[in-house]
Each structure stands twice: as structure tokens, then as C-alpha cells.
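Visitor: One predicted model, sequence on top.
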Amino acid sequence: MKKKILFLSVLPPPIYGSAMSSLTCLKVLQQDKNLEVYNLKTNFSKAFGDVGKISLIKIAGFFLILSKVISYTIKNRPDLVYIMPATAGFAFFRDFAFAFILKLLGRNIIYHLRTQITVEDKKNKLKNYILKKAFQNSKVIVLGKELKNNVLCYFRDNDIFILPNAISKTLSMERYEKIEKNRLNRSGLRLAFISNMMKPKGWPLTIEAANILNKTGVDFSLTFAGNWPSDKEKNDFYNLVKKYKLNSKISYAGYLDTKGKNNLLANSDILVFPTEYKFEALPRVIIEAYEYGLPVITTRNGSIPDMVVHNKTGFLLSDNTAKETAGYITALSDRQYLVNIGSESRKRFLENYELSIFKKNFLKIIKHNMRDKEIE
């Protein structure tokens with residue numbers, strides 16, 4: 001008999017890291033012949049700019065999903081409930097309301113945290129109380145060892161499972177070698193910044209670094225890609241580019257689908273991603289850059305230090321300044337050095353972040369946490 005899983009998570013659209021990673025998890029579960037998965041999409045945002053904002057549609061959507069959760073649970077008594085909870089905004093209360101109802105119904109819950117629980121969250125008496133009660137006697141998947149330490153106050157050590165994100169391999173070794181050859185032989189550094197274009201993700205610092213590169217005579221171009229959270233941030237971006245007179249050096253490619261993103265990565269030399277986003281966990285874009293052999297210049301935020309090996313697959317910023325960022329970019333002007341680090345990035349992707357590895361480990365965790373373990 002198949003084991004039943006109730007899957008509660010955000011899913012695309014809109015497209016952003018957590019939603020795409022949850023879609024990967026859903027597909028892995030649906031492909032297992034021993035599992036019967038009932039999926040409920042918990043988000044009702046139509047565009048990225050709507051994420052985190054409350055609306056009547058979202059409130060109505062919450063009650064619709066809640067009724068389905070209760071109905072399915074009472075009728076089918078799932079062996080495991082998978083929840084990818086939000087940790088901020090209206091979505092925090094939405095997801096943990098689902099969790100409390102499921103706990104009252106006696107269900108076995110495993111959480112999959114894709115963001116950090118911040119110091120501010122733990123100091124907030126209401127949120128901290130909700131987290132303690134919701135997480136009590138449950139299990140959790142986190143994306144890296146730093147994030148395990150982040151939740152040890154809520155879970156027992158042996159109830160925490162570490163599993164980094166992963167993506168399907170789309171780039172053959174033959175095509176990668178052609179990309180690497182082109183990268184070795186061309187002149188002028190091609191820099192890429194790929195993210196949702198929120199300021200905390202680091203685009204202002206990246207432009208500041210580009211200004212330093214321009215003043216010091218480094219030959220480069222810089223392409224930004226991603227959705228804008230607001231018109232204000234979009235205007236601030238173009239004003240900053242104009243301020244430093246970088247219009248000939250910087251371009252904005254807009255939102256890119258998977259094909260467009262892969263084309264940008266294939267034609268770039270370095271991913272610049274100085275994120276200071278307080279909920280950052282294990283960014284999917286770094287994995288995507290690794291597949292294409294790009295060195296990554298980024299911060300020590302979240303579990304990024306688990307991903308980026310300093311001076312081997314990229315550079316971890318210590319001071320998070322434009323000067324430091326520009327310095328590492330300049331060091332990669334040495335083409336052979338650039339390609340050598342890129343080769344290590346590609347190797348790290350294949351060994352740690354390719355989907356077949358994730359699939360095996362994810363299913364092992366899920367089946368281990370079924371009440372009846374006969375399908376392990």
C-alpha cells in the first residue's frame with residue numbers, strides 16, 4: 001500500500017528560489033511509486049512584487065486551503081505532512097496556522113526550512129512562542145550546517161536533517177568544455193548578477209564595485225537579471241548607474257526564464273552576488289552558476305560558507321564592501337586563474353548539488369520519518 005504525504009508549500013508562479021526548490025521536492029516525491037502525494041499550493045501571489053503583501057485574495061485563499069487541509073487529513077490520515085513554512089509576514093501566520101491544525105489532528109510533520117530564523121524572530125515573544133509550539137516533537141530539514149545551529153533551540157539534534165538544494169544537470173561535459181575554452185580566450189570580464197532585484201540582495205554594492213573597476217581601468221561588462229520588487233527600486237537602480245556614468249558598462253536583462261538564465265551564465269565569467277538579505281539560506285543561483293563553471297563572489301550569509309570554498313570555487317567577502325568585491329573581480333582578470341576556479345565550481349556542482357544526489361538523500365529523509373518505516 002502506498003504511503004500518503006500531504007505536501008504544503010509555495011510553488012511557482014511567481015518564480016523565485018524557494019518556490020522553484022519546492023517544485024523540485026514535489027516532483028521527486030511524485031515520481032516515487034511507493035508514495036501518494038496530495039499537493040496544496042499555499043501561495044496566491046500573481047507576481048514577485050506581490051510576495052509578502054496581504055490581500056483579500058490571499059485571505060480567501062488561506063481559508064480555502066485550510067478547509068482542504070482539514071478535509072483531506074480527516075479523510076485520508078496522511079502518514080507524513082511536508083510543510084515549507086515562511087518565516088516572515090502574513091505567510092508566517094498562514095503556514096503555522098496550518099501546522100497547528102495538523103498537530104491537533106495528530107499528524108506527523110516534517111518542516112523544510114529554506115530561510116533563516118533571525119535573531120529578531122527569536123526575540124519576538126509571539127513569533128518565538130509560535131515557533132516553539134509548532135516545532136515541538138517535529139522534524140526539520142535545513143540547507144546547511146550553519147542553519148542547523150540556527151534551529152537547535154527548537155529541535156532535538158537528531159530531529160534535524162541537513163540537505164542542500166540541488167538542480168537537474170542541463171549542461172553536458174562536451175558543451176561545458178566549449179564554454180570553458182571561449183572563457184579562456186576572450187578578453188574583458190563578463191560579470192553577472194542574477195537575483196530578485198531587492199536591495200539587500202546586493203545590487204547597489206555591485207554597482208559600487210563596478211564604479212571602482214571602471215575608475216581603475218578594468219575591462220568589463222556587467223549584466224543584471226531578475227524581477228523588481230517595486231518601481232522605486234528600479235528607479236534607484238537606474239539613478240545609481242547614471243550617477244557613476246556606467247550606462248555603457250551595465251545592462252539590465254529583465255526577468256530571465258531558465259533558457260535565458262542559462263545563456264547568460266554560459267556567456268559570463270563571474271557571478272557577483274554580495275547578498276545581505278537577512279533570510280538568505282542557500283541560494284539556488286550559486287548552484288546554477290556552479291554548473292556553468294563560474295567563480296562566485298559572495299558573502300558569508302546563511303549557509304553560503306557551506307557552498308563556496310574560499311579561493312577555490314570563488315571568494316567569500318569578509319568586509320562586504322565594494323572595494324573588496326572589486327579586488328576579487330580584478331584578481332580574476334588572470335584568465336587561467338579564472339578558468340581554474342571555474343573548473344572547481346563545476347566539479348563541486350557535480351559532486352554536491354546535482355539532482356540525482358539530492359533525490360536519493362531527500363527520499364531517504366522522508367521515508368525515515370514515516371511512522372511506518374516498511375518502505376525505507
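Guide: Okay, I see it. Residues are numbered from 1 along each chain as shown.
Visitor: pretty sure P283 is touching T275, no?
Guide: Yes - using Cβ atoms under 8 Å, P283 makes contact with T275 at a distance of 6.8 Å. No exception for glycine: its C-beta is placed from N, CA and C like everyone else's.
Visitor: which residues are common contacts for those two?
Guide: Common contact partners of P283 and T275 (Cβ atoms under 8 Å, 6 or more residues apart in numbering): S195, T298, I304.
Visitor: Can you pull the poorly scored residue ranges out of the chain?
Guide: Residue ranges of the chain with pLDDT under 70: 48-52, 371-376.
Visitor: Check it for its longest helix and report it.
Guide: When the chain is parsed with DSSP state H, its longest helix is helix 56-76.
Visitor: helices or strands up against it?
Guide: Applying 3 or more Cβ pairs under 8 Å, 6 or more residues apart in numbering; DSSP states H and E, one finds that helix 56-76 makes contact with strand 3-9, strand 35-41, helix 89-104.
Visitor: still on that earlier bit, show me which of P283 and T275 is the more surrounded one.
Guide: The residue with more neighbours, out of P283 and T275, is P283; 27 against 23, by other Cβ atoms under 10 Å.
Visitor: Tell me how far that one lies from Y16.
Guide: As defined by Cβ to Cβ, to the nearest Å, P283 lies at a distance of 11 Å from Y16.
Visitor: Ok, V69 next?
Guide: Between V69 and Y16 the distance is 23 Å, computed by Cβ to Cβ.
Visitor: neighbour count winner among the two?
Guide: V69 (23 against 18).
Visitor: The more buried one is in contact with A99, isn't it?
Guide: No - using Cβ under 8 Å, V69 is not in contact with A99; the gap is 10.0 Å.
Visitor: Let me have the helices and strands packed on helix 56-76 in JSON lines, adding mean neighbour count as columns.
Guide: Listed next are those as JSON lines, based on neighbours: other Cβ atoms under 10 Å:
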{"stretch": "strand 3-9", "mean neighbour count": "22"}
{"stretch": "strand 35-41", "mean neighbour count": "17"}
{"stretch": "helix 89-104", "mean neighbour count": "18"}
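Visitor: out of these, which comes closest to R190?
Guide: Comparison of the helices and strands packed on helix 56-76 against R190 by Cβ to Cβ identifies strand 3-9 as nearest, at 35.2 Å.
Visitor: Tell me which helix or strand comes right after the closest one.
Guide: Counting by DSSP states H and E, the next helix or strand C-terminal to strand 3-9 is helix 17-30.
Visitor: Surely S21 touches R114?
Guide: Yes - between S21 and R114 there is a contact under Cβ under 8 Å: 6.1 Å.
Visitor: Can you pull the residues that touch both of those two?
Guide: Listed as contacting both S21 and R114 by Cβ under 8 Å, 6+ apart are N165.
Visitor: Could you pull out the strands in the stretch 201-350 of the chain for me?
Guide: Assigned by DSSP state E, counting those that start in this stretch, the stretch 201-350 of the chain shows strands spanning 220-225, 250-252, 270-273, 296-298, 314-316.
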